[in-house]
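Undergrad: Need a 3D model of the following:
(2 chains)
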Amino acid sequence: MRSKLFLPIIAALFLLAVLAHLGFFEWDRLARGFRNLRILGAEMVPPDLTILPTAGAALWETVEMSFAGTLLGFLASLPLSILATRRLFSDWISRLARFVAAGIRTIPVLLWAIVFVILVGLGPLAGTFGIAAYTVGYLAKIYADLFEGTDPEIIEAVQSTGASKLQLVRYVIVPETANAILAQVLFMLEYNIRASSILGFVGAGGLGLVIQIYLQSLNYRRLATVLLLVLVIVLLMDGMSAWLRKRFLLSTQGS
Amino acid sequence: MTQNGHAPIALNAEQVWFSYAHHDAVLKNVSLSIPAGKHTVIMGPSGAGKTTLLRVLAGILKPSRGRITVFDQPVDGRGQRELSPLIGYIPQQLGLVRNLSALDNVLMGALGRLGDTKSLLGLFPRQEINAAHAALDMMGIDHKSAEQVFHLSGGERQRVAIARTLLQRPRIVIADEFASDLDLAMAYEILDRIRGAAEKEDITFIMSMHRIGLARRFGDEVLALEAGAIVRGFIGNEILETDQEDTTV
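TA: Here you go, the predicted structure:
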């Protein structure tokens, strides 16, 4: 009994200590926060719709960046994930490919954006590369794990027809994992739309710059318009990916 | 027929041993000779090592000891691509790609003789596509060539798997527990079609089975495997005549 309770109690104590350190129990601050929330809310309505043309253009740039970045990252992740598949390549090649993917993934997308702002200058191109880089690291890892999970019997059967490694990838591994490949790209696209709306903070194009300007000039009615636009685009993306999933995934479910 | 009047040996195993890493031997000193043009059925209780034996004979697993030759050529040290004109292999679950059509699955039988560039683009030569349809037709399922495999029934999938192997044009086909899950009438029909195709294409079949009725219908010779060793061999399947119609061993 004692040993069963030991871990939860330690975890609870640790949580309390951490929260105290973070200022969670400073009631004055929390109360001020609630007051400010009311003021902020009041200052955000009604949203200032006169900025729709400016914000709309920035939003379109964000959509372009995430779409191009996701697709570029997806295309680059395929060869890397194939190299990282232990069933296809020798141990050291797959280890090296997994190490590269892990290295890319360790760096958050905002840092990648900063790196590319330094490399190719301010603007949406840097953001696109940043998104692509993060996408490569993430998808290469997911896909390599997926590919390794392909039914070994199918691989053996097609290998015995004399198929080469590339033919195995094309005719067995990709078709067998197609559903999950598509689902992950859609997930990444949704994620990147959200992530790219803040890349403008570091000068990498898109909505972020507009958000930053309105935040710094305390123009909350305009900020509200931008946030509403982000909400609309995220909902649209959700709808689109749900439609794609239904269109392509359901038809291939079965034994 | 060879000069001295005996059928040539399609596949020969000499004192073959096999064990998976850190485990006891699964195959213990197995020796067998399979004459060309005769269909051999390997029977035995589950766990006897049938699947392992077939995978070793197909060159997928390397024997720990012993030697395997296919038409007098050693199997050891040769990759699957090099072996593909000699040996085709159909695993127990058939190894079909479920998201692809029956025709696409059959066309995979031709991959061993096609270069990467065109086959990766999905461009198969016209004569391979015609041959794939012919193989499906021989198995009586060409009318379903465009259907995705997961829409097909168990019996239809077996036909597709055989058609894929026919397109590969190997001289020996090794199939694990083939037709085992089918009802008897369906299994008989498929096995009869296989015998017809084998005769036409000059293919030697080696199959593991656990139903005596099927073994009698299909096998020219039956080998019994027990605890990793060949315990009995029957020629002309005479002994099976005394057994019941469709029991299992």
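Undergrad: So, low pLDDT: which residues of the stretch 101-250 of chain A?
TA: A:249-250 (pLDDT under 70).
Undergrad: Show me which residues of it are close to chain B?
TA: Within reach of chain B by C-beta under 8 Å from any C-beta of the partner chain, the stretch 101-250 of chain A has these residues: A:151, A:153-164, A:166-167, A:170-172, A:175-176, A:178-179. (Each C-beta comes from the backbone N, C-alpha and C, glycine too.)
Undergrad: Buried among those? Make that a PyMOL selection.
TA: Applying 16 or more other C-beta atoms under 10 Å in any protein chain shown to those, the buried members can be selected in PyMOL as follows:
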select buried, chain A and resi 151+153+154+155+156+157+158+159+160+161+162+163+164+167+170+171+172+175+176+178+179
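Undergrad: Need the three-state assignment for the residue in chain B that chain A sits nearest to.
TA: Using C-beta to the nearest C-beta, the closest approach of chain B to chain A is made by residue B:112 at 2.0 Å. Three-state assignment for residue B:112 (DSSP: H, G, I helix; E, B strand; the rest coil): helix.
Undergrad: who touches it in this structure?
TA: Residue B:112 makes contact with A:161-163, B:81, B:84-85, B:168, according to C-beta atoms under 8 Å, 6 or more residues apart in numbering or on different chains.
Undergrad: can you check residue B:49 too?
TA: Per C-beta under 8 Å, 6+ apart, neighbours of residue B:49: B:26-27, B:225, B:227-228.
Undergrad: Go again with 6 Å.
TA: Contact analysis of residue B:49 by C-beta atoms under 6 Å, 6 or more residues apart in numbering or on different chains lists B:26-27, B:225, B:228.
Undergrad: for the helix of greatest length in chain A, which positions count as buried?
TA: For chain A, the longest helix by residue count, based on DSSP state H, is helix A:52-83. By neighbour count with 16+ other C-beta under 10 Å, helix A:52-83 contains the buried residues A:55, A:58-59, A:61-74, A:76-78, A:80-83.
Undergrad: which among the residues you listed are in contact with chain B?
TA: Among the buried residues of helix A:52-83, no residue sits close to chain B (C-beta under 6 Å from any C-beta of the partner chain).
Undergrad: Helices of chain B, start to end?
TA: So, for chain B - with DSSP H - the helices run B:50-57, B:80-83, B:102-107, B:116-120, B:126-138, B:154-168, B:184-201, B:212-218.
Undergrad: Let me have these in a markdown table, extended by mean pLDDT.
TA: Shown next, in a markdown table, are those (pLDDT from 0 to 100):
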| stretch | mean pLDDT |
| --- | --- |
| helix B:50-57 | 92 |
| helix B:80-83 | 82 |
| helix B:102-107 | 95 |
| helix B:116-120 | 85 |
| helix B:126-138 | 93 |
| helix B:154-168 | 92 |
| helix B:184-201 | 87 |
| helix B:212-218 | 83 |
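Undergrad: Of those helices, flag the one that's most buried.
TA: Across the helices of chain B, the average number of neighbours (mean count of other C-beta atoms under 10 Å in any protein chain shown) peaks for helix B:102-107, which reaches a mean of 26.
Undergrad: pLDDT (mean, whole number) over the helix or strand containing residue A:6?
TA: Here residue A:6 sits within helix A:2-22, counting by DSSP states H and E. The predicted model assigns helix A:2-22 a mean pLDDT of 90.
Undergrad: where does it sit relative to the chain's centre, distance-wise?
TA: With C-alpha atoms, centre = their mean, to the nearest Å as the basis, helix A:2-22 stands 32 Å off its chain's centre.
Undergrad: Name the residues that touch stretch B:160-176?
TA: A:161, B:10-11, B:51, B:54, B:57-58, B:86-92, B:94, B:96, B:102, B:105-106, B:108-110, B:131-132, B:135-136, B:139, B:194, B:197, B:203-208.
Undergrad: For chain B, which residues are neighbours of chain A?
TA: B:60, B:80-81, B:84, B:89, B:91, B:93, B:95, B:97, B:99-100, B:108-109, B:111-112, B:116, B:119-120, B:150, B:168.
Undergrad: Just the CA trace of stretch A:15-25, in PDB.
TA: Output of stretch A:15-25 as PDB, limited to C-alpha atoms (Å, rounded to 0.1, in the frame of the first residue of the first chain):
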ATOM      1  CA  LEU A  15       3.600  19.800  -8.800                       C
ATOM      2  CA  LEU A  16       2.800  22.100  -5.900                       C
ATOM      3  CA  ALA A  17       6.400  23.200  -5.500                       C
ATOM      4  CA  VAL A  18       6.700  24.000  -9.200                       C
ATOM      5  CA  LEU A  19       3.400  25.900  -9.300                       C
ATOM      6  CA  ALA A  20       4.600  28.000  -6.300                       C
ATOM      7  CA  HIS A  21       7.900  28.700  -8.000                       C
ATOM      8  CA  LEU A  22       6.000  29.800 -11.100                       C
ATOM      9  CA  GLY A  23       3.900  32.300  -9.200                       C
ATOM     10  CA  PHE A  24       0.600  30.300  -9.300                       C
ATOM     11  CA  PHE A  25      -0.200  31.100  -5.700                       C
END
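Undergrad: Return the nearest residue of the stretch 151-255 of chain A with respect to chain B.
TA: Counting by C-beta to the nearest C-beta, the stretch 151-255 of chain A gets nearest chain B through residue A:162, at 2.0 Å.
Undergrad: Reduced to three states, what does that residue come out as?
TA: Assignment for residue A:162 (three-state DSSP): coil.
Undergrad: ok, the closest residue to it other than its chain neighbours to residue A:158 distance?
TA: Leaving aside its sequence neighbours, residue A:162 sits nearest to residue B:112 (C-beta to C-beta, 6 or more residues apart in numbering or on different chains; 2.0 Å). Noted for residue B:112: a distance of 10 Å to residue A:158, by C-beta to C-beta, to the nearest Å.
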